[in-house]
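[1] Quick one: sequence plus predicted model below, questions after.
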Amino acid sequence: MSGNILEVTGVTKVFGGLTAVNDVTMNIPERSIISVIGPNGAGKTTFFNMITGIYEPTSGSIRLAGRELVGLRPDQVTEAGIARTFQNIRLFSSMTSEENIMVGRHSRLKSTFVDAMLRTKRFHQSEQEATDAARIMLDFVGLGRWRNELATNLPYGDQRKLEIARALATTPKLILLDEPAAGMNPRETEDLKALIRRIRDELGVTVCLIEHDMRLVMTLSESITVLDYGSKISEGLPHQVRNDPRVMEAYLGRGAAAGEYGKEERPHV
Ligand SMILES: Nc1ncnc2c1ncn2[C@@H]1O[C@H](COP(=O)(O)OP(=O)(O)OP(=O)(O)O)[C@@H](O)[C@H]1O
């Protein structure tokens with residue numbers, strides 16, 4: 001074993017004439033917290049979409065614990081052990097918090113459609129397991145009291161946590177968070193930071209995030225990979241990346257504020 005949960009090697013995605021991701025290689029060590037950053041349109045979401053099977057890479061390899069993922073459908077990637085959240089909240093607003101999580105656990109249910117129709121013992125067991133798992137995950141993210149509340153009635157920060165709980169309910173090895181702090185106030189962001197640490201420390205799940213909030217990225221990440229125009233331009237510890245002239249140029253060249261990439265003055269990274 002290499003010690004890497006995910007090994008992305010020479011991955012490229014071309015859309016028509018546009019190379020959105022260009023020959024990117026990146027390894028994610030098991031039980032790490034790492035971030036992918038880069039200016040607007042750098043290819044970050046496309047990168048996540050390839051890892052999760054939404055887009056098939058034009059070329060390259062993506063291995064989870066040694067298993068090739070390229071060619072798998074998104075549900076098969078989930079089954080293999082990768083969960084994700086999206087840039088925009090994607091909850092079922094007419095379902096309760098618990099029901100939203102049970103939908104997320106669908107890929108782990110062992111009962112079949114026939115079981116469901118016939119209301120077999122296996123179906124009831126699966127349902128019970130899903131309910132139990134949903135409750136455990138709701139408690140884990142601190143939303144136990146919102147169990148029977150419609151998702152749409154939850155405060156914004158809690159909706160984001162609910163999405164994370166739904167992803168965790170698929171019992172992933174690796175969770176990809178696409179801009180988890182977007183739209184959060186500073187207190188919610190601090191809560192999120194603590195939650196992400198607990199996901200790694202208590203559940204042993206590896207975390208990879210795309211994030212624009214540089215304060216969060218710099219204080220949380222053990223390693224940062226920087227994309228610009230689809231290519232990897234820098235990688236390393238937060239202080240190395242922060243001081244890398246190529247990274248400064250990528251941001252500052254686009255009229256961003258100098259120095260600290262704080263939240264208030266941050267560029268749309
Ligand atoms: N389905 C698609 N078809 C064509 N072009 C696409 C598609 N998806 C993304 N792109 C293009 O690929 C490039 C990278 O986009 P992507 O969304 O991956 O960047 P990003 O780094 O996530 O940006 P942001 O920070 O704004 O979310 C952009 O130029 C975008 O317009």
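    Perfect, thanks for sending it. Numbering: from 1, shown residues only.
[2] Could you list the low-pLDDT ranges of the protein?
    Confidence mapping of the chain against pLDDT under 70 gives the ranges 1-2, 104-124, 254-269.
[3] which other helices and strands contact the helix or strand harbouring Gln125?
    In this structure, Gln125 is located in helix 121-140 according to DSSP states H and E. The contact analysis (3 or more Cβ pairs under 8 Å, 6 or more residues apart in numbering; DSSP states H and E) places helix 121-140 against helix 97-104, helix 113-118, helix 156-168, helix 186-203. Bear in mind the C-beta positions are built from the backbone N, C-alpha and C, glycine included.
[4] what are the bridge partners for the spatially closest residue to Ser221 that is not a sequence neighbour, then?
    Counting by Cβ to Cβ, 6 or more residues apart in numbering, Ser221 lies nearest to Ser35, which is 4.2 Å off, once chain neighbours are set aside. Counting by DSSP bridges, Ser35 forms beta bridges with Leu209, Ile224.
[5] I'd say Ser35 and Val226 touch.
    No: judged on Cβ atoms under 8 Å, Ser35 makes no contact with Val226 at a distance of 9.2 Å.
[6] tell me the angle the helix holding Gln125 makes with helix 186-203.
    130 degrees (axes from the mean of the first three to the mean of the last three Cα atoms, to 10 degrees).
[7] Can I get helix 121-140 in CSV? Just the C-alpha atoms.
    Extracted C-alpha coordinates of helix 121-140, given in CSV (Å, rounded to 0.1, in the frame of the first residue of the first chain):
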residue,chain,number,x,y,z
LYS,A,121,-37.9,-9.1,6.5
ARG,A,122,-34.7,-8.0,4.7
PHE,A,123,-36.5,-4.9,3.6
HIS,A,124,-37.5,-4.1,7.1
GLN,A,125,-34.0,-4.7,8.4
SER,A,126,-32.6,-2.5,5.7
GLU,A,127,-35.0,0.3,6.5
GLN,A,128,-34.2,0.0,10.2
GLU,A,129,-30.5,0.1,9.5
ALA,A,130,-31.0,3.2,7.3
THR,A,131,-33.0,4.9,10.0
ASP,A,132,-30.4,4.1,12.6
ALA,A,133,-27.5,5.3,10.4
ALA,A,134,-29.4,8.5,9.7
ARG,A,135,-29.8,9.2,13.4
ILE,A,136,-26.2,8.5,14.1
MET,A,137,-25.1,10.8,11.4
LEU,A,138,-27.5,13.6,12.4
ASP,A,139,-26.2,13.4,15.9
PHE,A,140,-22.6,13.3,14.6
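[8] quick one: it to helix 156-168, angle?
    Going by the same axes, to 10 degrees, helix 121-140 makes 140 degrees with helix 156-168.
[9] Would you mind listing the buried residues in helix 121-140?
    Neighbour-count burial for helix 121-140 flags Arg122, Phe123, Ser126, Glu127, Glu129, Ala130, Thr131, Ala133, Ala134, Met137, Leu138, Phe140 (criterion: 16 or more other Cβ atoms under 10 Å).
[10] One more: stretch 36-55?
    Going by neighbour count (16+ other Cβ under 10 Å), the buried part of stretch 36-55 is 36-39, 42-53, 55.
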